[in-house]
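K.L.:
only the shape, not the letters, is given here:
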């Protein structure tokens, strides 16, 4: 692994930073505070919980949700040709069926990791011609067992869904529709449960012998335990028994402590960057998804996007343009606790602490010659048009109300 400037090899270990923290095993929030924070997130970003969606929605609301994700700038297709927003709007009209009023909501579960898209198509749309690694219709991903609410179907059989904290299009092959009711609700809320703590947890469907993975932070039902595996229930019709590799999962959530957050974050060190959770067909993480997944192992469910994470959390420091580098570093060292989220325009990072007054972070980046999860100080990016991380800092936030 190539080191970022001013980073030593010993800094690539969670223990290095935990030894510098005053009390790494102290709970950062009580369980009831975590529940209150999670409930508040939905109001902050204006997206309801999947389980709270009614059985019927007004047609105009569904249509508004669908069109809200249509890109509003010129993009380039897979041939490198420009595509105007009006052309995308017209194409969407052609592939969308007429919506009834009201629209019936059909609840279901994801059967594996799947893309959530802004448009119901496999066509690539990029900001620059042939920049295929950054498909701008790629919004996020969902994982096995995640709840969804299907409200529309395109002509090529893609579903427009409410997923946890996001709307978007998902291929029908990765959704099992349950209609709602007790089976759906009990699966999503079942206790006890297991949580994926590895970057990708190993699973096997015992009915088919098929092996696949779940992403860090994903929750599945817990049924039984052997010395090597947890038995779970997989949302593959009919509901199938499955095995979860024990080393990749924990029963329940991890405690919300600095030790949990740093241990989980450093498991992702070196993982390739993936815009929107998927890069040219390979699932992964980007900057905000990394933060989201690390916190999800503790039962904290942050929004998907970095700016939303900033709005959902509690601000501890705001960085103004007038602040020079010295005052910015001082504010971090004196006022920001390790484990805080630092928000920049278009980027978020996890604050690790400081060494002799020099702040350090761990983050998933696709800039400054890196395209992976790295540890760096805040000088990264100095001399570039965007400027250093330190100069770009907007605010530091912590999970809490």
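P.N.:
Now that the structure is in, tell me what you want to look at. This one's a predicted model, so the numbers in the text were calculated from it and none came from an experiment. Numbers count the residues shown, from 1 in each chain.
K.L.:
on the pLDDT front, check the closest residue to residue 78 other than its chain neighbours for me.
P.N.:
Take residue 78 and drop its neighbours on the chain: the residue closest to it by Cβ to Cβ, 6 or more residues apart in numbering is residue 124, 4.5 Å away. (Each C-beta comes from the backbone N, C-alpha and C, glycine too.) At residue 124, the model reports a pLDDT of 95.
K.L.:
cool, and the one 10 residues further on?
P.N.:
Listed pLDDT for residue 134 reads 94.
K.L.:
and it, how far is that from residue 278?
P.N.:
Going from residue 134 to residue 278 by Cβ to Cβ, to the nearest Å gives 11 Å.
K.L.:
these two - which one has more neighbours?
P.N.:
Neighbour count, other Cβ atoms under 10 Å: between residue 134 and residue 278, residue 278 has more, with 22 against 19.
K.L.:
residues touching residue 372, list them.
P.N.:
Each residue near residue 372 by Cβ atoms under 8 Å, 6 or more residues apart in numbering is listed here: 270-273, 364-365.
K.L.:
what does it show for phi and psi?
P.N.:
Phi and psi for residue 372, reported as degrees, to the nearest 10, are phi -170, psi 180.
K.L.:
show the pLDDT at it.
P.N.:
The predicted local confidence for residue 372 is 96.
K.L.:
quick one: residues contacting the residue nearest to residue 78.
P.N.:
So residue 124 contacts 77-78, 132, 135, 137 (Cβ under 8 Å, 6+ apart).
K.L.:
now, the residues you listed that are in helices?
P.N.:
Applying DSSP state H to those, no entry is found in helices.
K.L.:
quick check on those residues: which are buried?
P.N.:
The neighbour count (16 or more other Cβ atoms under 10 Å) marks 135, 137 as buried among the contacts of residue 124.
K.L.:
quick check, nearest of the contacts of residue 124 to residue 333?
P.N.:
residue 135 (39.1 Å; Cβ to Cβ).
K.L.:
backbone dihedrals for the closest one, both of them.
P.N.:
Main-chain dihedrals, residue 135, degrees, to the nearest 10: phi -80, psi 110.
K.L.:
which among the contacts of residue 372 end up buried?
P.N.:
271, 273, 364-365.
K.L.:
mean confidence for the lengthiest helix in the chain?
P.N.:
Taking DSSP H as the criterion, the chain has its longest helix at helix 31-45. Helix 31-45 carries an average pLDDT of 97.
K.L.:
and that helix, which residues are buried?
P.N.:
33-34, 37-38, 41-42, 45.
K.L.:
check which helices and strands that helix sits against.
P.N.:
The contact analysis (3 or more Cβ pairs under 8 Å, 6 or more residues apart in numbering; DSSP states H and E) places helix 31-45 against helix 306-312.
K.L.:
so what strands line up beside the next helix or strand along the chain from the helix it packs on?
P.N.:
Past helix 306-312, further along toward the C-terminus, the next helix or strand under DSSP states H and E is strand 314-318. Partners of strand 314-318 in the sheet, by DSSP bridges, are strand 395-398 (antiparallel).
K.L.:
where does the closest residue to residue 376 other than its chain neighbours land in three-state SS?
P.N.:
Closest residue in space to residue 376, ignoring its immediate chain neighbours: residue 4 at 3.8 Å, by Cβ to Cβ, 6+ apart. Following DSSP: H, G, I helix; E, B strand; the rest coil, residue 4 is assigned to coil.
K.L.:
who are the contact partners of residue 4?
P.N.:
Counting by Cβ under 8 Å, 6+ apart, residue 4 makes contact with 368, 370, 374-377, 380.
K.L.:
okay, and which of the residues you listed map to strands?
P.N.:
Mapping these onto strands (DSSP state E) picks out 374-377.
K.L.:
and the pLDDT for residue 97?
P.N.:
Reported pLDDT for residue 97: 79.
K.L.:
do the same with residue 184
P.N.:
Confidence score, pLDDT, at residue 184: 88.
K.L.:
can you pull the contacts of it?
P.N.:
107-109, 147, 178.
K.L.:
check for me that it belongs to a helix.
P.N.:
Yes: counting by three-state DSSP, residue 184 is located in a helix.
K.L.:
state the distance from it to residue 169.
P.N.:
Residue 184 is 21 Å from residue 169, by Cβ to Cβ.
K.L.:
can you give me the helices in the stretch 101-250 of the chain?
P.N.:
181-189 (DSSP state H, counting those that start in this stretch).
K.L.:
please report phi then psi for the residue nearest to residue 376.
P.N.:
Note on residue 4: its backbone torsions stand at phi -70, psi 160 [degrees, to the nearest 10].
K.L.:
so, low pLDDT: which residues of the stretch 101-250 of the chain?
P.N.:
Counting by pLDDT under 70, the stretch 101-250 of the chain contains no low-confidence segment.
K.L.:
ok, 80 please
P.N.:
In the prediction, the stretch 101-250 of the chain carries residues with pLDDT under 80 at positions 180-181, 238.
K.L.:
ok so, going back, distance of the residue nearest to residue 376 from residue 293?
P.N.:
In terms of Cβ to Cβ, residue 4 sits 22 Å off from residue 293.
K.L.:
about what we covered before: could the buried residues of helix 31-45 go into a markdown table alongside distance to residue 323?
P.N.:
Converted to a markdown table, the buried residues of helix 31-45 look like this (distance: Cβ to Cβ, whole Å):
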| residue | distance to residue 323 |
| --- | --- |
| 33 | 31 |
| 34 | 32 |
| 37 | 28 |
| 38 | 32 |
| 41 | 29 |
| 42 | 33 |
| 45 | 28 |
